[in-house]
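> I'd like to go over a predicted model; first the sequence, then the structure.
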Amino acid sequence: MLRFLTGRLLRAALTIAMVVTFAFIVLRLSGDPAQIIMGADAPPEAVEAFRAAWGLDAPLWQQYLRYFGAILHGDLGRSMRDGRDAITLVAERIPATLALTIPALVIKLSIGIPAGILAALHRNSLLDRLVMALAVAGFTVPSFVLGLLLVLVFAVQLGWLPSGGQESWRHAILPIITMGVGGAAVLARFTRSAMLEVLGQSYIRTASAKGVPWRDVVWGHALPNAAIPTVTIVGFMVGSLIAGAVVVESVFSWPGVGRLLVVAVGNRDLAVVQCILLLVAGTMVASNLVVDLLYGVLDPRLRAGKMGAQ
Amino acid sequence: MSLVQIRGLAVSFAGQPALRGIDLDVAPGEALGLVGESGCGKSVTWLAALGLLPGKARVTGSVRLGGMELLGAKAATLEQVRGGRIAMIFQDPASSLNPVHRIGRQITEALSLHQGLSGAPARAEAKRLLDAVGMPDAQRRLDAFPHELSGGQNQRVMIAIALAGRPEVLVADEPTTALDVTIQAQILDLLQGLRREMGMALVLITHDLGVVSETCERVAVMYAGRIVEEAASGQIFAHPAHPYTQGLLGALPPLDGERRPLMAIPGGVPEPWAMPPGCAFAPRCPHARAACLQAVPELADLHISHRAACILAAEAPVLA
Amino acid sequence: MSVLLQARDLVRRYRMRRGIFGRAVELRAVDGLSLTLQRGRTLGLVGESGCGKSTTGRLVLGLEAPDAGQVQVDGAPMPPIGGRAWRQQRARMQMVFQDPLGALDRRLSIGAQVEEPLIIHGLPAGPARVAELLVEAGLRPDHAQRYPHELSGGQRQRAVLARALATAPELLVCDEPISALDVSIQAQVMNLLMELQARRGMAMLFISHDLRAVRQVSHRIAVMYLGRIVEEGEPDEVLKTPAHPYTRALVSAIPHPGRRGRRILLTGDPPNPADRPSGCAFHPRCAEAVARCRTEAPVLRPRPDGRLVACHLAHAPLLSQVA
């Protein structure tokens, strides 16, 4: 157990280091932050001074080492734009993002999973076809298209809800629906196929042959098995709670972490981008770890055999 | 007086017939063998009888259990019968048990359904059943998961679950096909002993004539969705009347004597969508003649309790 | 009759892990096994699941390298896996598996798959040669245009055989070639194997759990238990007077019509190769085991009548008189 955990943590650290390095290379090669932040017509001396102040005049590898060393000491740097700590800047935005992503996750789970189970239980019925048609529509339409469509109908045409901003809870409704629908569709399809796979297994037939009523076969025998593959995708959704709203936040001008990321990339504001990436990678890695541990809980075959086979 | 009476049972999947009308009786306490190759309908017969086929299957005919019609019966009635009066075990014991539930729970579930037992008494009874099926270290195995047991042990668990409802009939669908030879011997021995002890009927579904000959008193041979021969076990192995039964016996390698080529049945089993007219076996039959292609031969009495569906066998009844 | 292949003291170990948190354990799939294959003759290898019979087949073919011991073909050691000489050797020795559908490529026609080894090994190819091979395996020339899923199980196994025959192999290793087939088809394939051997004179290693089938096709049989051969001899003699207690149980367990009577029931399951019992690996299940069996592993050695047996009791004068 201990060996398993240390192995996983080491791999997680390696993943995060690679993400950080990748971001550094891409951001540094794609534009000069000094020029971008100071503006195109800033005097060369001012730009030069900015470079010196932020250490941008050192060779690239030195900048990289300095940056990496700082991270190891827990210093995530400051925003080049307003000089505040990157971590404070990001932390300020997290509640706004969670205000969207958590309700959206609840929608995904509470619609997607039951819809998938129902579709599987009534395979090839009208209900199944309806659910699957909606699911295909739900995840083939990109979220920015769906978001704009909802704005067009509910904000522009009907005038029921605001089209953007963060003044009241009513502003959150459209972005939450936009995110929830796509995820619910993915989850419905996934749950359906996991459930169909399980329903075709021999032990389901055994349960029926024992005289277990169908309801109990589904609840007691099929669902615990279908939950095993479904946990993977739910884990992924939980892992993207913080970063999964980039597009939707942009469409609805919602001041969350996603919007901040878009702005920071535009400015080549390395410290802020890195801070967000670290946060994203961290939550992903953590949720993956939780998923793996959950596998062990849900599937006894993955625990070490106490009794020993044979 | 038969316990189970099957009349004109037919099953089709999406218009393709899998079972073409069979009549079969099971007497209380008897051991009946149902023999045939893959796709002959031997398993489908019992899945249909218990309403365990998927919804798209079309089932017609009649299956009566002690006078009660099972086809089209209410779900609650069928749930009482399944596991309670007719229990069934399957070929691959490893995949027939739920991988996420402990053995004990899978047995006590059947006990609570059919004996109304729960809690400590159910657990004690489950342990007793595991002892009865010869499971070593039964108390500890109650808390084991199926993947922690061997194939033979899992099949013992399946049998324990089947016994939990004290059934009148145990249908064993290829119970030893996935097991090793020495384990097969153990399981057949166990089934035989339990049948005698509990007075239940045993229906053994298998492709292996050897398994049937040692375990069953009566044998029905199936081919392409029909019963083609039915007789007492001793009779059918000594004087097989249907050319298919003769072919199956001839195809078995002998245990002694000179080694010569086996009398293999030529060709293969016809596909459901390309069924020959008349006798389904005619294209592979060494004795086939024009009349065989005309009409499906009826299952006719040749001898006391020996029936075969072959016009040649009917013409020259066996002398036993 | 001459020796084609000789395997001496083969050992093959695997490491396996149980569960995510499990510790790796070593298991010996094959544990000091020797066998000899004669030209034109069939050796039947019998045993239950996990006894190492399939691993033995792969070692003999050189598809896997043994951890110890040696395989010699025509007196020369097996060339290293993957090399040029090894690839040439492969043409001389072919394998037939249990699952013919898995052994065939679903996207290629039967004809293309039978022709492939001809092209690879630079032999005369073309539709006429393919048709010849198909007919030899009991198929029709027009089966060349078919795809695997269009054939029945028996026909697929014939197609696999036709492909194996293409390079005119001197050795055919058949690993459970009939156990996935229906009874009536099993007989067809066994007959075909014997016909092919009579015509082409190749050696065969016939691996199966079915003693009846093994007796039918083999000139000599070897019984395996936990990675070792425990008995070896002429098929009829082994079946009539099995000398090893395990063979006796195996023979008595054969289900056969008209054969009723006393069965030797072994207690327990086949043991785990990762947890090999001390002494004679069979002793925990053996009704006749004595103290010596628990501590000292018996060696496979000939009895006066020529039978090879690895059992302390089978060599004891008193018991051999009784047997």
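Looks like it arrived, so ask away. Worth saying up front: this structure is predicted, and the values here are computed from it rather than measured.
> show me what from the stretch 201-323 of chain C comes close to chain B.
Applying Cβ under 8 Å from any Cβ of the partner chain, one finds that the stretch 201-323 of chain C approaches chain B through C:209-213, C:215-216, C:236, C:239-240, C:249-250, C:252-260, C:263, C:265-266, C:268-270. Glycine gets a C-beta too; all of them are placed from N, C-alpha and C.
> buried members of those residues into PyMOL, please.
Buried residues within those, by 16 or more other Cβ atoms under 10 Å in any protein chain shown, are selected in PyMOL with:
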select buried, chain C and resi 209+210+211+212+213+215+216+239+249+250+252+253+254+255+256+257+263+265+266+269+270
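> return only those of the residues of the stretch 201-323 of chain C next to chain B found close to chain A.
Contacts with chain A are made by C:Asp269, C:Pro270 out of these, judged by Cβ under 8 Å from any Cβ.
> show me where the stretch 101-250 of chain C has its strands.
For the stretch 101-250 of chain C, the strands defined by DSSP state E, counting those that start in this stretch cover C:171-175, C:203-208, C:220-225, C:228-233.
> nearest to A:Val153, out of those?
Of all those, it is strand C:171-175 that lies closest to A:Val153, at 64.8 Å by Cβ to Cβ.
> who does the closest one pair up with?
strand C:93-96 (parallel), strand C:203-208 (parallel) (DSSP bridges).
> show residues contacting the first one.
Contacts with strand C:93-96, where a contact means Cβ atoms under 8 Å, 6 or more residues apart in numbering or on different chains, come from C:57, C:61-63, C:73, C:103, C:157, C:160-161, C:164-165, C:167, C:169-175, C:177.
> now with 10 Å, please.
With contacts defined as Cβ atoms under 10 Å, 6 or more residues apart in numbering or on different chains, strand C:93-96 is touched by C:4-5, C:37, C:57-58, C:60-63, C:73, C:78, C:103, C:117, C:157, C:160-161, C:163-178, C:189, C:193, C:202-207.
> and those residues, which are buried?
C:4-5, C:37, C:57-58, C:60-62, C:73, C:78, C:103, C:117, C:157, C:160-161, C:163-167, C:169-178, C:189, C:193, C:202-207.
> next, format the strands paired with strand C:171-175 as a markdown table and append distance to B:Val169 and mean pLDDT.
Listed next are the strands paired with strand C:171-175 as a markdown table, based on distance: least, Cβ to Cβ, whole Å; pLDDT from 0 to 100:
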| stretch | distance to B:Val169 | mean pLDDT |
| --- | --- | --- |
| strand C:93-96 | 41 | 91 |
| strand C:203-208 | 34 | 96 |
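> which stretches of chain B have low pLDDT?
B:316-320 (pLDDT under 70).
> looking at it, which residue is nearest chain A?
Of all residues in chain B, the one sitting closest to chain A is B:Gly83 (3.7 Å; Cβ to the nearest Cβ).
> next, that residue: phi, psi?
phi 80, psi -30 (degrees, to the nearest 10).
> ditto for the one 4 residues further on
B:Ala87 adopts backbone torsions of phi -110, psi 160, taken as degrees, to the nearest 10.
> what is the neighbour count of it?
Applying other Cβ atoms under 10 Å in any protein chain shown, we find 29 residues neighbouring B:Ala87.
> and the gap between it and C:Met95?
Per Cβ to Cβ, to the nearest Å, B:Ala87 is found 42 Å from C:Met95.
> please apply the same query to B:Asp208.
For B:Asp208, the distance to C:Met95 equals 27 Å [Cβ to Cβ].
> against chain C, how distant is the residue of chain B closest to chain A?
B:Gly83 is 27 Å from chain C, where distance means Cβ to the nearest Cβ, to the nearest Å.
> would you agree that residue is in contact with B:Gln106?
No. The criterion here is Cβ atoms under 10 Å, and B:Gly83 misses it with B:Gln106 at 11.7 Å.
> what is in contact with these two at once?
Contacts common to B:Gly83 and B:Gln106, judged by Cβ under 10 Å, 6+ apart, are A:Thr206, A:Ala207, A:Lys210, B:Ile161, B:Ala164.
> could you point out the helix or strand that follows the host helix or strand of B:Glu197?
Per DSSP states H and E: B:Glu197 is located in helix B:181-198. Note on helix B:181-198: by DSSP H and E, the next helix or strand toward the C-terminus is strand B:201-206.
> CA atoms of that next one as CSV?
Output of strand B:201-206 as CSV, limited to C-alpha atoms (Å, rounded to 0.1, in the frame of the first residue of the first chain):
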residue,chain,number,x,y,z
ALA,B,201,-34.5,-34.4,-10.4
LEU,B,202,-31.3,-33.6,-12.3
VAL,B,203,-31.3,-32.4,-15.9
LEU,B,204,-27.8,-32.6,-17.2
ILE,B,205,-27.2,-30.5,-20.4
THR,B,206,-24.0,-31.5,-22.1
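> is that strand positioned near chain A?
No. Figure legend: strand B:201-206 not in contact with chain A (Cβ under 10 Å from any Cβ of the partner chain); closest approach 13.2 Å.
> report the contact partners of the residue in chain B positioned nearest to chain C.
Going by Cβ to the nearest Cβ, chain C is nearest to B:Gly210 of chain B, at 3.2 Å. By Cβ under 10 Å, 6+ apart, the contact list for B:Gly210 reads B:Gln184, B:Phe237, B:Leu252, B:Leu255, C:Val183, C:Arg212, C:Ile254, C:Pro255, C:His256, C:Pro257, C:Gly258, C:Arg259.
> tell me which residues of stretch A:218-238 come out buried.
So, applying 16+ other Cβ under 10 Å, buried residues of stretch A:218-238: A:218, A:220-231, A:233-238.
> where exactly do the strands run in the stretch 151-300 of chain A?
Under DSSP E, counting those that start in this stretch, the stretch 151-300 of chain A gives no strands.
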